[in-house]
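Peer 1: Any chance you could fold what I've pasted below:
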Amino acid sequence: CSCPDDMVLVEHAFCVDRYEASRPDATAASIGADTSYATSRPGVMPWRNVSLQQAADACTAAGKRLCTPAEWEQACRGPDQTTYSYGDTYVVETCNGIDVFWPNIRIVPTGSFPDCTNEYGVLDINGNIWERVQGGAGRGGAYNCSDSAALHRCGYVADWGTDAIPNFGFRCCW
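Peer 2: Residues are numbered from 1 along each chain as shown. Reported below is the predicted structural model:
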């Protein structure tokens, strides 16, 4: 079983985007404007402020689909089933959370935190932006969470609705 180049294999069961979804014309400084399909690329601003339907449509247009909650959590926890993608203990500098750049908090381009990963190779699944899954909930926390140690946990569910919500992005599965 193999995955497209922009995805990684999880437990020989499914593929997940290596990076947070971005628009095809995103750059390191801009989220872009092209909403035709989702891409998974390093060094670009992640697609955010997206509704559940927009995220699902962008994955479908890319020949993929929005991850299920169980798939997203497996990809986050890694083969060792850890609390965060990188381990069981919260480490401030590992992923983009509120305490990294305080008081100048900000979203960063995909892949900017190379240690924010696990053995699968999924990057930035904790922090930076929330990631929508099927059903609409956000997972993984965001750069501006008031308590990154709690809200960046792989098991935390931000069930705040299906509308476009600031700092809600996504990644696709296959």
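Peer 1: which residues in the chain form strands?
Peer 2: Along the chain, counting by DSSP state E, strands occupy 7-10, 14-17, 65-66, 130-132, 138-139, 157-158, 168-170, 172-173.
Peer 1: Let's have these in CSV, adding distance to Ser30.
Peer 2: For every residue, glycine as well, the C-beta is placed using N, CA and C. Output for the strands of the chain, formatted as CSV (distance: least, C-beta to C-beta, whole Å):
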stretch, distance to Ser30
strand 7-10, 24
strand 14-17, 20
strand 65-66, 24
strand 130-132, 20
strand 138-139, 23
strand 157-158, 25
strand 168-170, 15
strand 172-173, 21
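Peer 1: Dump the C-alpha coordinates for stretch 4-13 into CSV.
Peer 2: C-alpha atoms of stretch 4-13 as CSV (Å, rounded to 0.1, in the frame of the first residue of the first chain):
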residue,chain,number,x,y,z
PRO,A,4,0.7,9.9,-3.0
ASP,A,5,3.9,11.9,-2.4
ASP,A,6,2.2,14.6,-0.4
MET,A,7,0.7,12.1,2.1
VAL,A,8,2.0,9.5,4.6
LEU,A,9,0.8,6.0,5.4
VAL,A,10,-0.8,5.4,8.8
GLU,A,11,-0.8,1.7,10.0
HIS,A,12,-1.2,0.4,6.4
ALA,A,13,-4.8,1.5,6.7
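Peer 1: And the average pLDDT for it is what?
Peer 2: Mean per-residue pLDDT for stretch 4-13: 95.
Peer 1: Identify the residues contacting it?
Peer 2: If you take C-beta atoms under 8 Å, 6 or more residues apart in numbering as the criterion, stretch 4-13 is touched by 1-3, 15-19, 39-41, 64, 71, 74-75, 79, 120-122, 174.
Peer 1: For the closest residue to Arg106 other than its chain neighbours, the count of nearby residues, please.
Peer 2: Nearest residue to Arg106, sequence neighbours excluded (C-beta to C-beta, 6 or more residues apart in numbering): Tyr143, at 6.5 Å. Tyr143: 20 surrounding residues under other C-beta atoms under 10 Å.
Peer 1: What values do phi and psi take at Tyr143?
Peer 2: When read as degrees, to the nearest 10, the backbone of Tyr143 gives phi -60, psi -20.
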